[in-house]
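>>> The amino acid sequence is not available; the structure is as follows:
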């Protein structure tokens, strides 16, 4: 990639200026591997299957406290492996702050050049091809875009990049959980009242049922006693023999 005049990572100590370069992408080509009449679409699908990918994770924004150290994550993937892979980190797409090279999967990255405040913390001999860096003693002027760029000669110099945005603050704002606690308390209270209401309802229904059963027993007993005293059919008074004339 052609170099352009260097810039300085704002707000730090002197001697932090490094040469920079434009980010670029290799021009797309469509070449038949087996027959000149094969369609470009098939070759395009083939190329995608082995494409180089670079990622900074699911979150593309990072917030750091002033004068603290912040991790800028980056990993790359490639299906066909890599050879003499080159990776670079840029600040605001122009200022090169770290430049490294990886010979192959069995070797760790070697530093070509870097900003004094940038520390490499990745590894490529493990499962993930990690090329993350740490920016030490961040300042407000360090806020901006940080681009992780990878070029793999083994994939016909395929290139790809991903960008993460850094925000530097004077003080971390704590999330106010008062509203959340109030909502949780109200919901919990409503659930508790509902359970209490259901328990009271069951107790009341049980008492009513017992009361109704007791009234039924009393009515049956009272009805039997009245029939006996009045000498109605089926009573003992009916069983007496009629007096002789």
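Now that the structure is in, tell me what you want to look at. Just so we're clear, the structure is a prediction, and the values are computed from it rather than from any experiment.

>>> Show me where the protein has its helices.
Assigned by DSSP state H, the helices in the chain fall at 40-49, 178-230.

>>> Any idea which of those helices has the lowest pLDDT on average?
Lowest mean pLDDT within these: helix 40-49, at a mean of 42.

>>> Residue for residue, what is the longest strand this structure has?
The single longest strand within the chain, with elements called by DSSP state E, is strand 158-169.

>>> helices and strands around that one, which ones?
If contacts are counted by 3 or more CB pairs under 8 Å, 6 or more residues apart in numbering; DSSP states H and E, strand 158-169 sits against strand 53-55, strand 61-65, strand 70-72, strand 144-152. Every C-beta, even on glycine, is put in place using the N, C-alpha and C of the backbone.

>>> now the angle from it to strand 144-152?
Strand 158-169 and strand 144-152 are oriented at 160 degrees to each other (axes from the mean of the first three to the mean of the last three CA atoms, to 10 degrees).

>>> residues of strand 158-169 that come out buried?
Residues 158, 159, 160, 161, 162, 163, 164, 166, 168 are the ones in strand 158-169 that count as buried (16 or more other CB atoms under 10 Å).

>>> Repeat that for stretch 119-137.
Neighbour counts over stretch 119-137 (16+ other CB under 10 Å) mark 119, 120, 122, 124, 129, 130, 131, 132, 133, 135 as buried.

>>> Pull up the distance across it, start to finish.
Start-to-end span of stretch 119-137 (CA to CA, to the nearest Å) is 11 Å.

>>> From here on, call the first residue 4.
All set: I'll call the first residue 4, so the last point we hit is now stretch 122-140.

>>> Give me the contacts around that stretch.
For stretch 122-140, contacts defined as CB atoms under 8 Å, 6 or more residues apart in numbering pick out 15, 67, 70-81, 85, 90, 92, 100-101, 103, 105, 108-112, 114, 117, 120-121, 145, 149, 151, 153, 169.

>>> ok so, going back, any chance of a markdown table for the buried residues of strand 161-172, columns distance to residue 208 and pLDDT?
Shown next, in a markdown table, are those (distance: CB to CB, whole Å; pLDDT from 0 to 100):
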| residue | distance to residue 208 | pLDDT |
| --- | --- | --- |
| 161 | 75 | 94 |
| 162 | 75 | 94 |
| 163 | 70 | 96 |
| 164 | 70 | 96 |
| 165 | 65 | 97 |
| 166 | 66 | 97 |
| 167 | 63 | 97 |
| 169 | 65 | 97 |
| 171 | 65 | 96 |
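
>>> Below-threshold pLDDT in the chain: ranges please.
Applying pLDDT under 70 to the chain flags the ranges 4-53, 177-183, 218-248.

>>> repeat that with 50
Along the chain, segments meeting pLDDT under 50 span 4-11, 13-52, 237-240.

>>> which one of the buried residues of stretch 122-140 is nearest residue 195?
Nearest to residue 195 out of those is residue 135 (CB to CB; 48.1 Å).

>>> List phi and psi for that closest one.
phi -70, psi 160 (degrees, to the nearest 10).

>>> mind checking how far it is from residue 189?
43 Å (CB to CB, to the nearest Å).

>>> any idea how far the closest residue to residue 156 other than its chain neighbours is from residue 160?
Leaving out its chain neighbours, the residue that sits closest to residue 156 by CB to CB, 6 or more residues apart in numbering is residue 87, at 5.3 Å. Going from residue 87 to residue 160 by CB to CB gives 10 Å.
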